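>>> return atomic coordinates for the entry below.
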Amino acid sequence: MIRCILVFNNHGKPRLTKFFEYFTEEMQQQIIKECFQLVSKRADTVCNFLDGGTLMGGADSKLIYRHYATLYFVFCVDSSESELGILDLIQVFVETLDRRFENVCELDLIFHVDKVHHILNEVVMGGMVLDTNITDILTHVDAQTRLEKQESALFSSPTKI
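As a prediction, this is how the structure comes out:
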């Protein structure tokens with residue numbers, strides 16, 4: 001099971017956090033800090049998975065990450081998850097973001113946080129993988145966007161009496 005998904009920049013500032021287990025806000029901040037410290041000090045030439053930190057469950061958890069430009073995409077998972085499967089899932093998530101925002105960057109994650117969360121919810125929900133087909137994910141996101149536009153048009157148009 002996926003325990004949490006973290007995206008932070010090279011300086012450790014979180015740009016996206018999604019926890020699938022309950023942690024207090026203080027504990028979440030400590031987990032983010034610990035994950036950043038574990039991942040950021042690793043060279044780009046080493047493998048992209050390591051044992052989870054003490055706060056995430058120690059030997060029973062793993063950190064699987066990818067470093068793209070200025071962002072780290074980190075998935076904290078339990079020991080039952082496949083490392084290569086999660087690396088592929090990170091790739092799907094990043095490619096979906098890239099198609100949605102046309103060359104996704106850190107600012108897209110900051111200014112379009114609702115869209116990013118919607119895409120993430122199409123990929124992973126409740127710590128379980130829902131879909132890995134990029135075309136299907138974007139189809140669902142587009143359908144939701146159209147629905148939101150229709151609803152906003154309904155509520156913004158003046159009513160005739």
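>>> what does the least confident helix or strand in the chain by mean pLDDT rub up against?
In the chain, the helix or strand scored least confidently by mean pLDDT, DSSP states H and E is strand 49-51, which has a mean of 86. Outside strand 49-51, the residues that touch it by CB atoms under 8 Å, 6 or more residues apart in numbering are 38-39, 42, 58-59, 61-65, 83, 86-87. For the C-beta atoms, the positions are set from N, CA and C on the backbone; glycine is no exception.
>>> enumerate the positions of the helix or strand just after it that are buried.
Using DSSP states H and E, the helix or strand that follows strand 49-51 in sequence is strand 61-68. Under the neighbour-count criterion of 16 or more other CB atoms under 10 Å, strand 61-68 has 61-66 buried.
>>> repeat for stretch 31-46
So for stretch 31-46, counting by 16+ other CB under 10 Å, buried means 31-32, 34-36, 38-39.
>>> make JSON lines out of those residues and add pLDDT.
Formatted as JSON lines, the buried residues of stretch 31-46 follow (pLDDT from 0 to 100):
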{"residue": "31", "pLDDT": "92"}
{"residue": "32", "pLDDT": "93"}
{"residue": "34", "pLDDT": "92"}
{"residue": "35", "pLDDT": "91"}
{"residue": "36", "pLDDT": "93"}
{"residue": "38", "pLDDT": "91"}
{"residue": "39", "pLDDT": "92"}
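>>> related to what we said a few turns ago, can you list the strands that the least confident helix or strand of the chain pairs with?
strand 61-68 (antiparallel) (DSSP bridges).
>>> which residues of the protein fall in helices?
With helices called from DSSP state H, the chain shows them at 25-40, 83-101, 106-111, 113-123, 134-156.
>>> dump those to CSV, plus distance to residue 9.
Formatted as CSV, the helices of the chain follow (distance: least, CB to CB, whole Å):
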stretch, distance to residue 9
helix 25-40, 9
helix 83-101, 15
helix 106-111, 6
helix 113-123, 14
helix 134-156, 24
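>>> lowest average pLDDT across those?
Mean pLDDT is lowest for helix 134-156 among these, at a mean of 89.
>>> what angle do that helix and helix 83-101 make?
Using axes from the mean of the first three to the mean of the last three CA atoms, to 10 degrees, the inter-axis angle of helix 134-156 relative to helix 83-101 is 40 degrees.
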